[in-house]
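Trainee: Structure for the following, please:
(4 chains, ligands or ions: 2)
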Protein chains: 4
Amino acid sequence: MHQNTFTQNPTKPVDVKDRSIGELIDAMTHTGFQGRKLAESVHAWNNMLHEKNLTIFMGLTGAMVPAGMRKIILYLIENRLIDCLVSTGANIFHDCHEALGMKHYVGSHKADDRVLFENGIDRIYDVFAIEKEFRDTDNLIADFVQKLDDRPYSSREFIYLLGKEIEQLGGNEDSIIVSAYRNNIPIFIPALCDSSIGIGLAIARRENCNLKIIDQIKDVDEITQIVEKSEKTGVIYIGGGVPKNFIQQTEIVSSIMGIEGGGHDYAIQYTTDVPHWGGLSGCTFDEAVSWGKISTSAKKVQVFVDATIALPIVSHALFEKTKYLKRT
Amino acid sequence: MHQNTFTQNPTKPVDVKDRSIGELIDAMTHTGFQGRKLAESVHAWNNMLHEKNLTIFMGLTGAMVPAGMRKIILYLIENRLIDCLVSTGANIFHDCHEALGMKHYVGSHKADDRVLFENGIDRIYDVFAIEKEFRDTDNLIADFVQKLDDRPYSSREFIYLLGKEIEQLGGNEDSIIVSAYRNNIPIFIPALCDSSIGIGLAIARRENCNLKIIDQIKDVDEITQIVEKSEKTGVIYIGGGVPKNFIQQTEIVSSIMGIEGGGHDYAIQYTTDVPHWGGLSGCTFDEAVSWGKISTSAKKVQVFVDATIALPIVSHALFEKTKYLKRT
Amino acid sequence: MHQNTFTQNPTKPVDVKDRSIGELIDAMTHTGFQGRKLAESVHAWNNMLHEKNLTIFMGLTGAMVPAGMRKIILYLIENRLIDCLVSTGANIFHDCHEALGMKHYVGSHKADDRVLFENGIDRIYDVFAIEKEFRDTDNLIADFVQKLDDRPYSSREFIYLLGKEIEQLGGNEDSIIVSAYRNNIPIFIPALCDSSIGIGLAIARRENCNLKIIDQIKDVDEITQIVEKSEKTGVIYIGGGVPKNFIQQTEIVSSIMGIEGGGHDYAIQYTTDVPHWGGLSGCTFDEAVSWGKISTSAKKVQVFVDATIALPIVSHALFEKTKYLKRT
Amino acid sequence: MHQNTFTQNPTKPVDVKDRSIGELIDAMTHTGFQGRKLAESVHAWNNMLHEKNLTIFMGLTGAMVPAGMRKIILYLIENRLIDCLVSTGANIFHDCHEALGMKHYVGSHKADDRVLFENGIDRIYDVFAIEKEFRDTDNLIADFVQKLDDRPYSSREFIYLLGKEIEQLGGNEDSIIVSAYRNNIPIFIPALCDSSIGIGLAIARRENCNLKIIDQIKDVDEITQIVEKSEKTGVIYIGGGVPKNFIQQTEIVSSIMGIEGGGHDYAIQYTTDVPHWGGLSGCTFDEAVSWGKISTSAKKVQVFVDATIALPIVSHALFEKTKYLKRT
Ligand SMILES: NC(=O)c1ccc[n+]([C@@H]2O[C@H](COP(=O)([O-])OP(=O)(O)OC[C@H]3O[C@@H](n4cnc5c(N)ncnc54)[C@H](O)[C@@H]3O)[C@@H](O)[C@H]2O)c1
Ligand SMILES: NC(=O)c1ccc[n+]([C@@H]2O[C@H](COP(=O)([O-])OP(=O)(O)OC[C@H]3O[C@@H](n4cnc5c(N)ncnc54)[C@H](O)[C@@H]3O)[C@@H](O)[C@H]2O)c1
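Mentor: Ligands and ions are numbered 1, 2, ... in the order given. From the prediction side, this is the model:
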């Protein structure tokens, strides 16, 4: 090896001038640290979008909807920047809540929580919401559940029908769940009951003991089938948690089923977790290579950043770069 | 207010001398930062153990079993330092794996993952395992599932029966799942399918399409009933994730059901997450007060530390302090 | 207090559309978590720029220059978005290095460091540089030192003269140090010797034992005088470290000297550190209020983010918002 | 390579039983993640102590003295577990403060800082102190400075004389600075003026403009000479910051001076920083190998943990393991 193997590509300091978000991202490509990684993630995502027969899975965690990231997810769905969403229950619950006309509020992370409690205000870091309104949404979900058939549903089926219901209730168009319903983008929530949706389900169960069931095994089966039918797959994780592992493990499941996908072909993660605690949320995509979850030749970018910073920047940069793109 | 309101209690620098783990923890009580918090967590847990009619819930996340924390959890169960466990599927899967005589290995976080992949080695940060052996355990679980009845099970029921099965297979006594079965400590896994146990379930499903179902709504109902029957409750979180929220939300569910518990009475968390990303895992117990999940008067300690450091220290300190305690 | 005290200001989800960086920042003002904080920091900085008789101090840490942030600092200096810079030695050393025509290179954080060492490549996370070239710059600094008078210099004087020297050597115009020299913006480096500049100074010392001295007490005195002469002050920290505390403590020094400034009036920090370890770098501006370093009524924004993400975004947003501003 | 290359060494789950701190550390050696790293750090330090002709440098950052870690540092000095200390000014200032009979107090990180300010209380996360008393210590230092000769001092000389002064003032024996003075352990403070000691120096300067100077170049020279005279060197970092880099760079300085040490031979760090922000505090010892700061064959352990947890545990484990050791 020669020294100049390592010095092909000088950094180019970013200068400040009139330019667009996409142009700024391009400039950040020649810098270092997480600024560069953010830029690389945009390029990797953009490349995914230009691949043929590639299915893009997004894992969504963190309180992204309360934090105002809802219309960005909507944009990703409607413009087919993702093909399948795996989410926490919380994000979809909060989406229903806003779809039904209720709000989250700009609050403060320094508020006195006892005072908030007395005033019926729930706090999510620096965002507030009204407890009573949450209970209204809980009950609305419980009522909806009563109308379901007495049979097992995958979370995807459940969310599809809930999206339809919210649309019929006049839920506004900016809703993730309504838009996924209309665009036929599957949404999986593997830990559905760990959220206010689960609370709604539990209320319904106590009121009516029939067998409206969320069948999580069906979830594994359905998402694995999507992977099995895809020539290639790309994964994008907002945070980590259950959605990350749930998507990662599809490669193991299908390999055990005898369908060797060879691991996901692209992998992007925006996370605030770190590798050295050994958890799945923070682990590198290199570690995932050892398991066969990620292909040995995959393009992999892990960006350490709050997703409430990354999502606005990245979505606008992609908007600019993919204006005339029609994915197939 | 007078200045001396704030200066009642001078710090006492820790001196180095011959002393036990419990004595060191006592000394750390008069220091600052996370060292003091670690000590406070031991005192809070110890206090919980001396309360009458208090049920202790533990949420377990992170790859604690691969990292060698298995017998500590076992100790907590057998000596009734906890009354109910909510875990990720991964930890219980890895427990089964070791119970059946297989191992995890001391590895390196700097290993070349492509080489590991070629050699059939899976990496969890600096711990290794053998992929083929994992698949054996997957299949064993799939076989066990076939023997179940065609009806919905809560994850608690499922894990109880799996514990029984592992015992009958001669699974060793150091197993969390076997010991929980014997001691009748309920284990819930709300996102059961998000783990290799889920892989086993999915294999079984494809082989046999009958209705062996994991019913997560039943989980919510069952754990809420435990809370409702408890005079007081204490919660201890190793990490965060779904188990944390799942235990936290029991207070909301029972309040909606009309049984006002007033929030958990003690709360301890050992975590590497932080509050300012707005996620549920890192959020403070103060924030949880606004939601009514934690009582306004609860004793609350959040310690920012890798649980693989906290668990050995804390368990040994409690061992020392609770030697002659018989909980009722 | 009424519930609606807390619900005056609903969050507004960011929609994806054609807009500028400044407009995106404006949209992020109505979201949550660090995305909102980033937006608030832009507004606070912009407000500072519209204050009369306010002096803006910037503390600069982290390997910002190797990471390609050099021209952004240059922009801040030339357009007077800051009035005084306190830096680590490393950043100014790396600036001299690039000013003299040498480069940093886009590398990889996964490189094998033994191979790099054998090839004479130094790594800074994912940025590379050539060790031999660093030694050239070290020696150039040592030669420059030889020309100084045998008397104590504050680091500010030293850097001023070094800027002049680099300019005369034909150092390019994109240099922080050259531009600060030309624009008469003071640069302090309180821990000057803790960097390759210090290495140059130590080489010079061994070659020539006369008293060319860096007098850090003079630094404290000089920067305190700037504070004392300012009606108001604002502080902006990139990272933390010595520069943060050095600027913070000016308020204590001048208060002890009998000049009560009442604490800095604006405070912004972009940091990856956190409060709960008790260190100065991560501590909140609230904590600083207890010390009298920050005014009780100051506008304070702490953003948890890699500065290589924050600096490009924030500088371009400010560029847009302050186009026609002439600070006085 | 064969699979069994990777599976030589099974993890051994820690069981809970009656055992000492040193025995617990031994048990943690066979686990994973930061728990194992903590154990490995004890073994590496212990090995260092058994080497002949090895000089141990400790870098000390973070508010360790306010957090009650003072007597642990004292223990390390008195029992020669370290040979040279490089510290922030703050830690030594707080040590003087306690040596003179003043205190830090157990406080709360949730206190209202405006109320603290009104009551003259300074907060360091969850530790309190009395502002007026700090000013007394500042003035005491200013008075001491007046007695110095009008010549440049290295920070080491200065601290040595200050230790002597504190001893003469009857400063108690638990003091780091007094004990280092008595045991002739050099203490360097490269950024001396960035602390309340610097405030004392600045007060003295204004009162008396003569040339009592802290000569930081002399610091670089002196510490490099210690390295040059050592056959081998080991480094232990509590946190990072200037002390870490200052010790790291000694290898570069001496190499430029023609004395090739080949990099430090042992390296331990207890830190809460992480590598991926590119800063010096969080960077890995592997990165340092590329620079030649750490030997390619060095034993290197980086532990991600609050030092207020690590120091009590590690010091007691070493106490146990080195009882009969006489270092030479
Ligand atoms: N967050 C909520 O408001 C909330 C409310 C009710 C229920 N829950 C439930 O709790 C469980 C876990 O929720 P969670 O997603 O909040 O958990 P979490 O905090 O565990 O986050 C999951 C992962 O995402 C990362 N992350 C979190 N916030 C991030 C951010 N802003 N930017 C980048 N990465 C981020 C975390 O580091 C973690 O690795 C889910 O089942 C959810 O339904 C959450
Ligand atoms: N970094 C280098 O390449 C380098 C090289 C030689 C000498 N040094 C010396 O080491 C000392 C400390 O250097 P440092 O500034 O790298 O130390 P550092 O890593 O201690 O960083 C200082 C503070 O800034 C924060 N920080 C670091 N990188 C950040 C980022 N990307 N975004 C936001 N915040 C960030 C850290 O959390 C920390 O609080 C200085 O005296 C410097 O001269 C550094």
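
Trainee: what about the helices in the stretch 1-150 of chain A?
Mentor: Secondary structure of the stretch 1-150 of chain A (DSSP state H, counting those that start in this stretch): helices located at A:21-28, A:33-50, A:70-78, A:89-99, A:113-118, A:131-146.

Trainee: Can you give the strand pairings for the helix or strand following the last one, parallel or anti for each?
Mentor: Stepping forward along the backbone from helix A:131-146, the first helix or strand reached (DSSP states H and E) is strand A:152-153. According to DSSP bridges, strand A:152-153 forms sheet pairs with strand A:213-214 (parallel).

Trainee: And ligand 1, is the strand it pairs with touching that?
Mentor: No: contact of strand A:213-214 with ligand 1 is not found when judged by Cβ under 6 Å from any ligand atom; the minimum separation is 13.4 Å. Where you see a C-beta, it was placed from the backbone N, CA and C, and this is true even at glycine.

Trainee: follow-up on the earlier one: any chance of the helices of the stretch 1-150 of chain A in a markdown table, with distance to chain C and mean neighbour count too?
Mentor: Shown next, in a markdown table, are the helices of the stretch 1-150 of chain A (distance: least, Cβ to the nearest Cβ, whole Å; neighbours: other Cβ atoms under 10 Å in any protein chain shown):
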| stretch | distance to chain C | mean neighbour count |
| --- | --- | --- |
| helix A:21-28 | 6 | 22 |
| helix A:33-50 | 3 | 23 |
| helix A:70-78 | 4 | 23 |
| helix A:89-99 | 8 | 26 |
| helix A:113-118 | 7 | 17 |
| helix A:131-146 | 9 | 18 |
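
Trainee: I'd like those laid out as CSV, including mean pLDDT.
Mentor: Shown next, in CSV, are those (pLDDT from 0 to 100):
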stretch, mean pLDDT
helix A:21-28, 98
helix A:33-50, 98
helix A:70-78, 97
helix A:89-99, 97
helix A:113-118, 96
helix A:131-146, 94
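
Trainee: quick one: which of those is nearest chain D?
Mentor: Proximity to chain D (Cβ to the nearest Cβ) singles out helix A:33-50 among these, at 4.2 Å.

Trainee: close to ligand 1, is the closest one?
Mentor: No: using Cβ under 6 Å from any ligand atom, helix A:33-50 never reaches ligand 1; the gap is at least 12.0 Å.

Trainee: counting contacts, what elements does that helix pack onto?
Mentor: helix A:21-28, strand A:54-60, strand A:264-271, strand A:294-304, helix A:307-321, helix C:307-321 (3 or more Cβ pairs under 8 Å, 6 or more residues apart in numbering or on different chains; DSSP states H and E).

Trainee: Out of these, the one nearest chain B is which?
Mentor: Closest to chain B of those, according to Cβ to the nearest Cβ: strand A:294-304, at 5.2 Å.

Trainee: Kindly report the residues of the stretch 201-328 of chain A close to ligand 1.
Mentor: Contact residues, the stretch 201-328 of chain A versus ligand 1 (Cβ under 6 Å from any ligand atom): A:239-241, A:270-273, A:281, A:306-308.

Trainee: Please convert the residues you listed to TSV, extending it with pLDDT.
Mentor: Listed next are these as TSV, based on pLDDT from 0 to 100:
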residue	pLDDT
A:Gly239	98
A:Gly240	97
A:Gly241	97
A:Tyr270	98
A:Thr271	98
A:Thr272	98
A:Asp273	97
A:Ser281	95
A:Asp306	98
A:Ala307	98
A:Thr308	98
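
Trainee: Among these, name the buried ones.
Mentor: With burial judged by 16 or more other Cβ atoms under 10 Å in any protein chain shown, the buried subset of these is A:239-241, A:270-273, A:281, A:306-308.

Trainee: so who does A:Tyr105 touch?
Mentor: A:127-129, C:6-11 (Cβ atoms under 8 Å, 6 or more residues apart in numbering or on different chains).

Trainee: cool, A:Trp277 as well?
Mentor: B:62, B:125, B:272, B:306, D:33-34, D:304.

Trainee: Which of those residues sits closest to A:Val145?
Mentor: Using Cβ to Cβ, B:Gly62 is the member of the contacts of A:Trp277 that lies nearest A:Val145, at 32.8 Å.

Trainee: gap between the closest one and B:Lys293?
Mentor: As judged by Cβ to Cβ, to the nearest Å, B:Gly62 and B:Lys293 stand 21 Å apart.

Trainee: Mind checking which of these two has more residues around it?
Mentor: B:Gly62 (29 against 25; other Cβ atoms under 10 Å in any protein chain shown).

Trainee: ok, now which ones touch the more buried one?
Mentor: By Cβ under 8 Å, 6+ apart, B:Gly62 lies in contact with A:277-279, B:238-239, B:307.

Trainee: Check those and tell me the two furthest apart.
Mentor: A:Gly278 and B:Ile238 (12.4 Å).

Trainee: List the residues that contact A:Ile121.
Mentor: A:107, A:128-131, B:290, C:3, C:6-7.

Trainee: Now a PyMOL select for only the buried ones of those residues.
Mentor: Buried members of the contacts of A:Ile121 can be picked out in PyMOL with the line below, counting by 16+ other Cβ under 10 Å:
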select buried, (chain A and resi 107+128+129+130+131) or (chain B and resi 290) or (chain C and resi 6+7)
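
Trainee: Of the contacts of A:Ile121, just say which sits nearest to ligand 1.
Mentor: Proximity of these to ligand 1 (Cβ to the nearest ligand atom) peaks at A:Ala129, which lies at 9.4 Å.

Trainee: Report the separation between the most centrally placed residue in chain A and chain C.
Mentor: When Cα atoms, centre = their mean is applied to chain A, the residue found nearest the centroid is A:Leu60 (2.2 Å). A:Leu60 sits 14 Å away from chain C, going by Cβ to the nearest Cβ, to the nearest Å.

Trainee: Who's the closest spatial neighbour of that residue, skipping the chain neighbours?
Mentor: Take A:Leu60 and drop its neighbours on the chain: the residue closest to it by Cβ to Cβ, 6 or more residues apart in numbering or on different chains is A:Ser87, 4.3 Å away.

Trainee: Then A:Asn208?
Mentor: Sequence neighbours aside, A:Gln146 is the residue nearest to A:Asn208 in space, at 6.0 Å (criterion: Cβ to Cβ, 6+ apart).

Trainee: now that neighbour: how far from A:Asn210?
Mentor: In this structure, A:Gln146 and A:Asn210 are 9 Å apart, going by Cβ to Cβ.

Trainee: Mutual contacts of the two, please.
Mentor: With Cβ under 8 Å, 6+ apart, A:Gln146 and A:Asn210 have no common neighbours.

Trainee: What is the burial count for A:Val227?
Mentor: Other residues close to A:Val227 by other Cβ under 10 Å number 19.

Trainee: That one and chain C, how far apart?
Mentor: Counting by Cβ to the nearest Cβ - A:Val227 and chain C are separated by 27 Å.

Trainee: helix/strand/coil for that residue?
Mentor: Classification of A:Val227 by DSSP: H, G, I helix; E, B strand; the rest coil places it in helix.

Trainee: Need the per-residue pLDDT for it.
Mentor: Note for A:Val227: predicted pLDDT of 95.

Trainee: With A:Gln3 instead?
Mentor: Value for A:Gln3, per-residue pLDDT: 76.

Trainee: How about it, nearest residue that isn't a chain neighbour?
Mentor: Nearest residue to A:Gln3, sequence neighbours excluded (Cβ to Cβ, 6+ apart): C:Asn119, at 4.8 Å.

Trainee: Quick one: neighbours of that neighbour, just the number.
Mentor: 19.

Trainee: who touches it in this structure?
Mentor: Applying Cβ under 8 Å, 6+ apart, the residues near C:Asn119 are A:1-3, A:5-6.

Trainee: do A:Val16 as well
Mentor: A:Val16 sits next to C:71-72, C:75, C:315-316, C:319 when contact means Cβ under 8 Å, 6+ apart.

Trainee: tell me, which of the residues you listed make contact with chain A?
Mentor: Counting by Cβ under 8 Å from any Cβ of the partner chain, C:71-72, C:75, C:315-316, C:319 from the contacts of A:Val16 sit close to chain A.
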